[in-house]
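S.K.: pasting the sequence and the predicted coordinates here, then a few questions.
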Amino acid sequence: MSEILNIKSDSTLFRTQNAISSEIDGEVVLLSVKNSEYLCLNGVGSKIWNYLESPHTFSEVVDYLLSKYDVEHQKCESDTKEYIFVMINVGMINIQ
């Protein structure tokens, strides 16, 4: 979990070239070209994926979610950090 701490507010996040995505009933389904695994994203995950159609900083992603959901800033930041960490580990999002 210490790797999560490497996601800073000014870290730039962007989609990798390793995924094919499709939206079904408001949720995104991803196929990893690299390992042929499917991922189904929930509503929040789908919003993040769609928002990262172009690169954004972690702080911008959190601000975007705060504008869409009634959630405390710290909770949004920690949950988003965990989600981004998972997406980086499965090769769907890169960090710079």
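M.R.: Structure received.

S.K.: quick one: buried residues of stretch 13-33?
M.R.: If you call a residue buried by 16 or more other C-beta atoms under 10 Å, then stretch 13-33 has these buried ones: 13, 15, 18-19, 21, 28, 30, 32. Placement of C-beta: from N, CA and C, glycine included.

S.K.: could these go into CSV alongside secondary structure, pLDDT and distance to residue 41?
M.R.: Formatted as CSV, the buried residues of stretch 13-33 follow (DSSP: H, G, I helix; E, B strand; the rest coil; pLDDT from 0 to 100; distance: C-beta to C-beta, whole Å):
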residue, secondary structure, pLDDT, distance to residue 41
13, strand, 97, 15
15, strand, 95, 12
18, coil, 85, 15
19, strand, 89, 11
21, strand, 93, 9
28, strand, 94, 4
30, strand, 93, 7
32, strand, 86, 13
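
S.K.: adding distance to residue 43, write those residues out as a markdown table.
M.R.: As requested, the buried residues of stretch 13-33 are exported to a markdown table (distance: C-beta to C-beta, whole Å):
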| residue | distance to residue 43 |
| --- | --- |
| 13 | 19 |
| 15 | 18 |
| 18 | 23 |
| 19 | 18 |
| 21 | 15 |
| 28 | 9 |
| 30 | 15 |
| 32 | 21 |
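
S.K.: give me the number of residues near residue 36?
M.R.: Neighbour count for residue 36, taken as other C-beta atoms under 10 Å: 7.

S.K.: what helix or strand does it sit in?
M.R.: For residue 36, there is no helix or strand it lies in under DSSP states H and E.

S.K.: for the nearest residue to residue 10 once chain neighbours are set aside, phi and psi?
M.R.: With sequence-adjacent residues excluded and distances taken as C-beta to C-beta, 6 or more residues apart in numbering, residue 10 is closest to residue 57, at 5.4 Å. Dihedral pair for residue 57: phi -80, psi 160, per degrees, to the nearest 10.

S.K.: go on, residue 17?
M.R.: Backbone phi and psi, for residue 17 under degrees, to the nearest 10, turn out to be phi -90, psi 0.

S.K.: hmm, residue 94 is touching residue 17, no?
M.R.: No: if you go by C-beta atoms under 8 Å, residue 94 and residue 17 don't touch, sitting 9.3 Å apart.
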